[in-house]
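*Asks:* next input, structure requested:
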Amino acid sequence: LNDNSNKLKQLSRGDILEGEVVDINNGAVIVDVGYKSEGIVAGRELKSDTLDWTKLKPGDKVLVYVVKPEDDKGQLILSIRRTQQASAWLSLENAKKNNEVVEAVVVESNNGGLIVEIGKGIRGFIPTSQLDAARVYANGVRQVGKDISSKVQKRLNSLIGEKIKTRIIELDREKNRIILSEKMVTQARDIEKRAETLKKVKEGDVLEGTISGITPFGVFVNAQGLEGLVHLSEISWDKVEDIGALYSVGDKVKVMVIGLSDGGKRVAYSIKRLQDDPWAQAISKYKIGDVVDGVVQKVVPYGAFV
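*Replies:* As a prediction, the model looks like this:
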């Protein structure tokens with residue numbers, strides 16, 4: 001790999017090359033990489049999961065990473081540990097390029113989010129805003145008010161040790177900075193789930209869903225990835241004065257599909273159609289021709305309401 005006759009080879013930080021072990025002295029490995037001076041691998045730069053440096057001997061070939069072509073003393077500083085890291089970074093760069101899912105293990109939490117490990121010695125950060133809301137907030141809804149931040153922090157602390165599937169937002173090897181997102185995985189999953197549901201769903205079908213939003217004109221329900229509106233008139237057979245008294249975001253609810261248009265962009269659900277119509281029950285005991293007692297409630301020019 002190296003032309004050892006050229007002792008003035010130019011090296012840059014980040015270069016990975018093969019060298020030959022010259023000596024092992026005082027916990028440091030001296031390596032010849034065909035540079036103007038021999039390189040030194042010492043301290044934590046010796047640690048590697050794939051190579052036990054204590055078993056190295058003069059003459060052995062070893063793959064090293066250039067940390068500094070020259071330090072303050074003019075020495076070439078090398079690393080065995082970072083050859084392993086370099087290949088891991090390469091994998092991460094490919095994962096970002098191909099938008100692949102990267103598994104991360106939570107090792108620490110702070111006010112801003114989670115510190116995770118995504119490879120031996122390689123750590124990344126998931127901001128709270130990039131975590132799936134269901135992990136962080138009660139009922140998956142962002143909240144405001146007193147003591148909310150301490151509740152969020154408690155939830156983040158409880159995630160230590162968990163594996164989280166993420167995608168890479170930002171990758172900067174020079175700054176050792178990796179920003180990850182769980183949302184990018186879950187949202188993509190939701191899109192796939194929605195497409196699957198749309199393929200098979202039709203009007204009249206009954207789906208299990210979760211209330212995802214409450215408005216003055218009805219509630220939004222996400223059923224198997226397909227979000228739709230239960231209009232105020234379709235919530236109950238009774239008059240609904242206060243939707244918030246009946247439902248909260250995150251509640252599980254069964255809905256009937258009563259409208260599908262624009263390729264699934266507009267979806268109408270009903271809750272009341274899965275309940276018995278009280279009017280139908282009330283009139284079931286009567287038939288035309290029956291004579292019954294009644295109370296006059298209102299008299300108008302064209303008749304009387306009884």
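
*Asks:* going forward, measure contacts between C-alpha atoms and count neighbours the same way
*Replies:* Will do.

*Asks:* can you list the weak-confidence ranges in the stretch 1-150 of the chain?
*Replies:* 1-9, 120, 137-148 (pLDDT under 70).

*Asks:* those helices in it, which residues are they?
*Replies:* Secondary structure of the stretch 1-150 of the chain, counting by DSSP state H, counting those that start in this stretch: helices at 81-97, 133-136, 148-157.

*Asks:* closest one to Lys239 among the ones you listed?
*Replies:* helix 133-136 (31.8 Å; Cα to Cα).

*Asks:* off-centre distance for stretch 164-183?
*Replies:* Remark: stretch 164-183 is offset 12 Å from the chain centroid, using Cα atoms, centre = their mean, to the nearest Å.

*Asks:* please name the residues that touch Asp290.
*Replies:* Counting by Cα atoms under 8 Å, 6 or more residues apart in numbering, Asp290 touches no other residue.

*Asks:* got the confidence number for it?
*Replies:* On pLDDT, Asp290 comes in at 92.

*Asks:* please apply the same query to Lys151.
*Replies:* With respect to pLDDT, Lys151 has a value of 77.

*Asks:* can I take it that Phe220 is in a strand?
*Replies:* Yes - under DSSP: H, G, I helix; E, B strand; the rest coil, Phe220 sits within a strand.

*Asks:* next one: the residue nearest the centre of the chain from Gly113, what distance?
*Replies:* The centroid of the chain falls nearest to Glu182 when counting by Cα atoms, centre = their mean (1.3 Å). Computed as Cα to Cα, to the nearest Å, the Glu182 to Gly113 distance reads 12 Å.

*Asks:* intersection of neighbour lists for the two?
*Replies:* Common neighbours of Glu182 and Gly113, using Cα under 8 Å, 6+ apart, are Ile126.

*Asks:* neighbours of the residue lying closest to Thr128 once chain neighbours are set aside, just the number please.
*Replies:* Spatial nearest neighbour of Thr128, chain neighbours left out: Gly113 (4.3 Å); criterion: Cα to Cα, 6 or more residues apart in numbering. Residues contacting Gly113 under the criterion other Cα atoms under 10 Å number 20.

*Asks:* wait, Gly113 touches Asp132, no?
*Replies:* No - applying Cα atoms under 8 Å as the test, Gly113 and Asp132 come out as separate, 11.7 Å apart.

*Asks:* who's in contact with the residue nearest to the centre of the chain?
*Replies:* Shown in contact with Glu182 (Cα under 8 Å, 6+ apart): Ile126, Gln130, Leu131, Asp132, Ile164, Lys165, Thr166, Arg167.

*Asks:* what is the burial count for the fifth one?
*Replies:* Which is Ile164. Residue crowding around Ile164 was assessed by other Cα under 10 Å; the count is 19.

*Asks:* which residue is the nearest non-sequential neighbour of it?
*Replies:* Using Cα to Cα, 6+ apart and skipping the chain neighbours, the partner closest in space to Ile164 is Ala104 (5.3 Å).

*Asks:* equivalent analysis for the second one, please.
*Replies:* Once flanking residues are discounted, Gln130 sits nearest to Ser181: 4.9 Å by Cα to Cα, 6+ apart.

*Asks:* quick one, what contacts Gly204?
*Replies:* Contacts of Gly204 (Cα under 8 Å, 6+ apart): Met256, Val257, Ile258.

*Asks:* what about the second one, distance to Gly228?
*Replies:* The one in question is Val257. From Val257 to Gly228 the distance is 9 Å (Cα to Cα).

*Asks:* which residues are common contacts for the two?
*Replies:* With Cα under 8 Å, 6+ apart, Val257 and Gly228 have common neighbours Val267, Ala268, Tyr269.

*Asks:* nearest to Gly250, out of the contacts of Glu182: which one, please.
*Replies:* Of the contacts of Glu182, the one sitting nearest to Gly250 (Cα to Cα) turns out to be Asp132, at 13.8 Å.

*Asks:* among the contacts of Gly204, which lie within strands?
*Replies:* By the criterion of DSSP state E, membership of the contacts of Gly204 in strands covers Met256, Val257, Ile258.

*Asks:* any idea which of the helices of the stretch 1-150 of the chain gets closest to Gly294?
*Replies:* The nearest among those, by Cα to Cα, is helix 133-136 at 54.3 Å.

*Asks:* what's that closest one packed up against?
*Replies:* Taking 3 or more Cα pairs under 8 Å, 6 or more residues apart in numbering; DSSP states H and E as contact, the helices and strands that helix 133-136 lies on are helix 148-157.
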